[in-house]
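In: give me a model of this one.
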Amino acid sequence: MALLALFVGWSSVSFAQSSTNNIFYQTFYGSWGNTNPANASQVVDLLGNIGGFLMIAGGIIAGIALIVSGLMYMAAGSNQTRVTSAKSIFKNGVIGALIIFGFGIIINTVMLLGTDPFGFFN
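Out: The predicted model follows:
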């Protein structure tokens, strides 16, 4: 389900069918043949897209870690070493997810404050 959401949510990021040959060249140097550098909003948009992709990828990896730890816990039986290992993986997956989504909230808040500092509190 998360993989489907990744493909649907990031369909505009697909570079395989892109109309340009090099999206990074176009972003930082404008259209082909135009030597004007990109403005700040284009760079911010690119960094926002990269950050959003990394948040989605990190969330998927954290979800996989939680699922794997649950399967390991169920399959461990009475083997205390495997139970401890499954609990450790679960704990690390939850901590990783909290860090990823916590930084996402912080970054979005800073971006909102930067774009409209007085409208943020309305």
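In: so where's this protein shaky on pLDDT?
Out: The chain contains residues with pLDDT under 70 at 1-36, 120.
In: now with 50, please.
Out: Counting by pLDDT under 50, the low-confidence segments of the chain come to 1-8, 11, 14-15, 17, 20.
In: just the helices in it please.
Out: Using DSSP state H, the helices of the chain run over 2-9, 23-29, 40-76, 80-115.
In: closest one to residue 121 among these?
Out: Nearest to residue 121 among those is helix 80-115; the distance by C-beta to C-beta comes to 9.3 Å. The way it works is simple: take the backbone N, C-alpha and C, and place the C-beta from them, glycine included.
In: quick check: angle from that closest one to helix 40-76?
Out: Put simply, helix 80-115 runs at 160 degrees to helix 40-76, going by axes from the mean of the first three to the mean of the last three C-alpha atoms, to 10 degrees.
In: want to throw the helices of the chain into a markdown table with mean neighbour count?
Out: Putting the helices of the chain into a markdown table (neighbours: other C-beta atoms under 10 Å) gives the following:
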| stretch | mean neighbour count |
| --- | --- |
| helix 2-9 | 11 |
| helix 23-29 | 14 |
| helix 40-76 | 14 |
| helix 80-115 | 13 |
